[in-house]
Each structure stands twice: as C-alpha cells, then as structure tokens.
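Peer 1: coordinates for the following, if possible.
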Amino acid sequence: MMIAKGIDKLFGDQRLSYRRLTAWIVGCVALSVGMIDGEQWSMLTLTYIGADSAVKVASAWKGNG
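Peer 2: Numbers count the residues shown, from 1 in each chain. As a prediction, the model looks like this:
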C-alpha cells in the first residue's frame with residue numbers, strides 16, 4: 001500500500017500516464033523473460049513514447065501545460 005501511495009504521489013492526477021508506464025514496465029519484464037522479442041519491445045516502447053508525447057502536446061495546445 002505504501003508503494004502505491006508513493007507512485008500516486010509521483011504521478012499526481014496523471015493516472016493515464018501511470019497506466020502507460022505500467023504497460024511499458026510489463027513489456028520490459030516480458031522481454032527479460034523471453035515472452036516477446038526485441039522488435040516487439042521496440043514497438044511497445046515507441047507506442048509508449050508517442051502516446052505520452054501526444055498527451056503533453058494536446059495539453060500544451062489547450063493551454064493547460
């Protein structure tokens with residue numbers, strides 16, 4: 001429970017970003033244990049970076065960033 005509170009404090013109200021980060025961490029673990037290959041991990045990472053950037057750009061465009 002203490003870890004969850006720390007993560008919530010770190011990310012604040014950005015729950016969507018937290019979920020994407022969690023998906024990326026799961027992808028890293030899957031790569032480590034051989035469930036996915038390097039190409040699949042690269043696509044996951046690029047998707048994570050692109051989605052996170054899109055949210056930041058949209059927020060700045062709306063004047064919230």
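
Peer 1: what residue lies at the spatial centre of this structure?
Peer 2: What sits nearest the mean C-alpha location of the chain, by Cα atoms, centre = their mean, is Leu21, with 2.4 Å.

Peer 1: how far away is it from Ala60?
Peer 2: Separation of Leu21 from Ala60 (Cβ to Cβ, to the nearest Å) stands at 20 Å. Every residue, glycine included, has its C-beta placed from N, CA and C.

Peer 1: tell me which other helices or strands the strand or helix carrying Gly50 touches.
Peer 2: In the assignment (DSSP states H and E), Gly50 maps to helix 38-62. In terms of contacts (3 or more Cβ pairs under 8 Å, 6 or more residues apart in numbering; DSSP states H and E), helix 38-62 is packed against helix 15-32.

Peer 1: list the buried residues for the helix it packs on?
Peer 2: Buried positions in helix 15-32, judged by neighbour count with 16 or more other Cβ atoms under 10 Å: Ser17, Arg20, Leu21, Trp24, Gly27, Leu31.

Peer 1: likewise stretch 48-65?
Peer 2: Tyr48, Asp52.

Peer 1: CA atoms only for it, dumped as CSV, please.
Peer 2: Taking Å, rounded to 0.1, in the frame of the first residue of the first chain, the C-alpha atoms of stretch 48-65 are listed here in CSV:
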residue,chain,number,x,y,z
TYR,A,48,4.6,4.4,-25.1
ILE,A,49,6.7,7.4,-26.0
GLY,A,50,4.3,8.6,-28.8
ALA,A,51,1.2,8.3,-26.6
ASP,A,52,2.9,10.2,-23.7
SER,A,53,4.1,12.9,-26.1
ALA,A,54,0.7,13.2,-27.7
VAL,A,55,-0.9,13.9,-24.3
LYS,A,56,1.7,16.5,-23.5
VAL,A,57,1.3,18.2,-26.9
ALA,A,58,-2.6,18.2,-26.5
SER,A,59,-2.3,19.7,-23.0
ALA,A,60,0.0,22.4,-24.2
TRP,A,61,-2.2,23.2,-27.2
LYS,A,62,-5.2,23.6,-24.9
GLY,A,63,-3.1,25.9,-22.7
ASN,A,64,-3.0,23.6,-19.7
GLY,A,65,0.7,22.8,-19.9
